[in-house]
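# What would the 3D arrangement of this be:
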Amino acid sequence: MSNIKISQLPSLSNLQGADQFPVVESGTTYNVTANVIQSFVVGSGFTSAGAITINSNNNATALVNGGSNAAGNIGSSSKYFNTVYATSTTALYADLAENYLADEAYAPGTVLSFGGPNEVTISIVDGDVTIAGIVSTNPAYRMNSGLTGKTVVPIALQGRVPCRVRGPVTRGAMMVSNGDGRARAEANPRIGSVIGKALESFDGDLGTIEIVVGRL
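Here you go, the predicted structure:
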């Protein structure tokens, strides 16, 4: 494998760092070996009209974030990728959420119901059976991300999420609407009214605790 100067590859001419690096040229595709990538720093940008294949030997990490945590994105809200093929993924945050149209902006942790002039609104009925869920604080995965409208809110469907509550609450208690955008504990809830189960106890009047949604 020979060294090819960056200047010899027009689509790679904006790379900064080393002047040369080993590549295997195949049409519009440049295969760059993992050991070279580890010592190669991309500066102002990398534009390629073809595919970029990264070969990782001995199960080594192929792509590494060289900056701080949560720095940089893959794609963007306006320029996103299609299907992602992977064996597994992990996320820092803890709930699966879906976007809905709301009649106004609601704070994270607020309990919403289906209804109002759009799709969801604040729950004002005690033990509400039209309950939609809790406004997510930091969803690990947000579905229906292309939804547009004046006010779009993510509602947690599965996982653990902070929720505004009225106490007292005992860990493991089933939670229903308190009728004011908060949740409360209920020993004998009606079908369709359960938001989730309390993950922690709370002895105060008004507060915020984590609730595991999607658990009946």
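
# Excluding sequence neighbours, find me the nearest residue to Ala70.
Nearest non-adjacent residue to Ala70, counting by Cβ to Cβ, 6 or more residues apart in numbering: Leu92, 7.9 Å away. Where you see a C-beta, it was placed from the backbone N, CA and C, and this is true even at glycine.

# Counting neighbours, what do you get for the one you found?
Taking other Cβ atoms under 10 Å as the criterion, the count of residues near Leu92 is 8.

# residue ranges with poor pLDDT in this structure?
1-62 (pLDDT under 70).

# Could you pull out the helices in it for me?
34-37 (DSSP state H).

# Quickly list the domain ranges of it.
According to automatic domain parsing, the chain is divided into the following domains: 3-59, 95-213.

# and Gly159, bridged to which residues?
Judged by DSSP bridges, the bridge partners of Gly159 are Asp95, Val213.

# now do the one 10 residues further on
Per DSSP bridges, residues listed as beta-bridge partners of Val169: Phe202.

# separation between it and Asp205?
Distance, Val169 to Asp205, by Cβ to Cβ, to the nearest Å: 11 Å.

# Which one's more surrounded, these two?
Val169 (23 against 9).

# Contact partners for that one?
By Cβ atoms under 8 Å, 6 or more residues apart in numbering, the contact set of Val169 is 175, 184-185, 198, 200-202, 209.

# Can I get the residues you listed in a markdown table including distance to Leu101 and neighbour count?
Converted to a markdown table, the contacts of Val169 look like this (distance: Cβ to Cβ, whole Å; neighbours: other Cβ atoms under 10 Å):
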| residue | distance to Leu101 | neighbour count |
| --- | --- | --- |
| Met175 | 24 | 28 |
| Arg184 | 26 | 21 |
| Ala185 | 30 | 21 |
| Ala198 | 29 | 24 |
| Glu200 | 31 | 12 |
| Ser201 | 35 | 14 |
| Phe202 | 31 | 19 |
| Ile209 | 27 | 20 |
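
# Most widely separated two among those?
Pairwise distances across those (Cβ to Cβ) peak at 14.5 Å, for the pair Arg184 and Glu200.

# Show me what counts as buried in stretch 117-124.
Taking 16 or more other Cβ atoms under 10 Å as the neighbour-count basis, stretch 117-124 is seen to contain the buried residues 118-123.

# List of residues touching that stretch?
100-103, 106, 110-115, 130-132, 149, 151, 153, 155, 177, 179-181.

# can you rerun that using 7 Å?
Contacts of stretch 117-124 with the rest of the structure, by Cβ atoms under 7 Å, 6 or more residues apart in numbering, involve 100-103, 106, 110-115, 131-132, 153, 155, 177, 179-181.

# Output it in PDB with nothing but the alpha carbons.
Coordinates of each C-alpha in stretch 117-124 appear next as PDB, following Å, rounded to 0.1, in the frame of the first residue of the first chain:
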ATOM      1  CA  PRO A 117     -57.700  22.100  20.200                       C
ATOM      2  CA  ASN A 118     -54.700  20.100  19.100                       C
ATOM      3  CA  GLU A 119     -53.700  16.600  20.200                       C
ATOM      4  CA  VAL A 120     -52.700  17.000  23.900                       C
ATOM      5  CA  THR A 121     -53.400  19.400  26.700                       C
ATOM      6  CA  ILE A 122     -52.800  19.700  30.500                       C
ATOM      7  CA  SER A 123     -54.700  17.100  32.500                       C
ATOM      8  CA  ILE A 124     -57.400  18.800  34.600                       C
END
